[in-house]
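Novice: Here's my sequence, what's the structure:
(chains A and B)
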Amino acid sequence: MNCDDVVHELSNFLDGELEPSLTRELESHLKDCTDCKLVVDQTKKTIQVFCDCEPVELPGEVRARLHDALRRKFKEAAH
Amino acid sequence: MFSLRNHLSTPNPHRLASAVAREDEHLLVAAAKSGDVAAFEELVSRYERKIFRLTMNITRNREDAEDAMQDAFLKSYSHLKTFQGESRFYTWLVRIAANEALMRLRKRRPGQFSLDEPIEGDEDLMPRELQDWGPGPEQRFAQTEMREILSSVIDELEPDYRTVFVLRDIEELSTEETADAVGISVPAVKSRLLRARLKLRQKLDRYFHQGRTN
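Specialist: Just a heads-up that it's a prediction; the model follows:
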């Protein structure tokens, strides 16, 4: 497996969807290739920082509009 | 009628959201399906921030994001009886919200969002001039600053790539669920996801590489 193969299989590897023999080949390549190891680690980190970022509070007026609309919907449904 | 309170033990019955764990989502859904509007409002309160983040991430337009979020909750209420529980309620809600957001994105930016299959070529995807980020690069930034960085880099990503990344990596839909939500094939999702991840890595490199002075 060369560097291009690693990048093309990167998502499958990170998602655990790469078949075992190819996973072993890829991991073996990473032991000897600093650039590919950086790409794999940094891509993993990229996904992680987005996942770890908690959503901000909903602005008060947006929340109020949403819940007003819901209550109107509940009333409609009740009739 | 299904009674939610018979199934939940909470010290404060008026503040169910904080007391009910994620695994009790199905109890709230069952109660809501039986006509308990408080249970549905509880589901909304639990997920409104995440759904707004999703619609904002897809549309990148505040007005569209608000409308998409509101319509997603209203539609989910209208169609609640059709929800069979084959997936988590949240996953079902994400698909409805993604659809609402995509409709607005396509309307506002016709031609910028493509349903075309990706062209698989011998494209060179290998990043160049790689630099070390060091351990915990995100810890060099305050939470507010980090949010601004993530918002800025995702804003720069093309809508095709951004949508797939948001659904797969942030909302954790499966590849198949993402393909279904966006209306593209599984190989197209995989191709766009790989490119989205690589592009975001490259954009974050501006902020994360060691030696960068803040």
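
Novice: so, in contact with chain B or not, the strand or helix carrying residue A:73?
Specialist: Per DSSP states H and E, residue A:73 falls inside helix A:60-78. Yes: contact of helix A:60-78 with chain B (Cβ under 8 Å from any Cβ of the partner chain) involves A:62, A:63, A:65, A:66, A:67, A:69, A:70, A:73, A:74, A:77. For glycine as for every other residue, the C-beta is placed from the backbone atoms N, C-alpha and C.

Novice: got a list of contacts for that helix?
Specialist: A:58, B:37, B:40-41, B:44, B:48, B:52, B:66, B:69-70, B:73-74, B:77-78 (Cβ atoms under 8 Å, 6 or more residues apart in numbering or on different chains).

Novice: and the closest residue to chain B within chain A, helix, strand or coil?
Specialist: Closest approach between chain A and chain B, counting by Cβ to the nearest Cβ: residue A:55, at 4.0 Å. Using DSSP: H, G, I helix; E, B strand; the rest coil, the structure places residue A:55 in coil.

Novice: got the contact list for it?
Specialist: Residue A:55 touches B:49, B:50, B:52, B:53, counting by Cβ under 8 Å, 6+ apart.

Novice: Wait, the first one touches residue A:53, no?
Specialist: No: using Cβ atoms under 8 Å, residue B:49 is not in contact with residue A:53, being 11.8 Å away.

Novice: Which residue ranges of chain B form strands?
Specialist: All residues of chain B lie outside strands when identified by DSSP state E.

Novice: Can you spell out the domain ranges of it, please?
Specialist: B:11-108, B:137-208 (automatic domain parsing).

Novice: anything in the first one near chain A?
Specialist: Yes: Domain B:11-108 comes into contact with chain A (Cβ under 8 Å from any Cβ), by way of B:37, B:40-41, B:44, B:48-50, B:52-53, B:66, B:69-70, B:73-74, B:77-78.

Novice: what mean pLDDT does that domain have?
Specialist: Domain B:11-108 shows a mean pLDDT of 87.

Novice: Angles on the backbone of the residue of chain A closest to chain B, please.
Specialist: Backbone torsions for residue A:55, taken as degrees, to the nearest 10, come to phi -70, psi 150.

Novice: Ok, residue A:41 next?
Specialist: phi -60, psi -40.

Novice: Repeat that for residue B:156.
Specialist: phi -80, psi -10.

Novice: Looking at it now. What's its pLDDT?
Specialist: Reported pLDDT for residue B:156: 93.

Novice: tell me the centre residue of chain A?
Specialist: residue A:47 (4.6 Å; Cα atoms, centre = their mean).

Novice: Can you name the residues that contact the closest residue to residue A:42 other than its chain neighbours?
Specialist: Leaving aside its sequence neighbours, residue A:42 sits nearest to residue B:201 (Cβ to Cβ, 6 or more residues apart in numbering or on different chains; 5.1 Å). Residues in contact with residue B:201, defined by Cβ under 8 Å, 6+ apart, are A:39, A:42, A:43, A:46, B:127.

Novice: before we move on, what about residue B:169?
Specialist: Per Cβ under 8 Å, 6+ apart, neighbours of residue B:169: A:47, A:50, A:51, B:193, B:197.

Novice: sorry, back to before: for the residue nearest to residue A:42, give its distance to residue A:74.
Specialist: 45 Å (Cβ to Cβ, to the nearest Å).

Novice: can you pick the most crowded of the residues of helix A:60-78 next to chain B?
Specialist: residue A:66 (21 neighbours; other Cβ atoms under 10 Å in any protein chain shown).

Novice: Contact distance from chain B - what residues of chain A qualify?
Specialist: Residues of chain A lying near chain B (Cβ under 8 Å from any Cβ): A:3-4, A:7-8, A:10-12, A:14, A:35, A:38-39, A:41-43, A:45-47, A:49-53, A:55-58, A:62-63, A:65-67, A:69-70, A:73-74, A:77.
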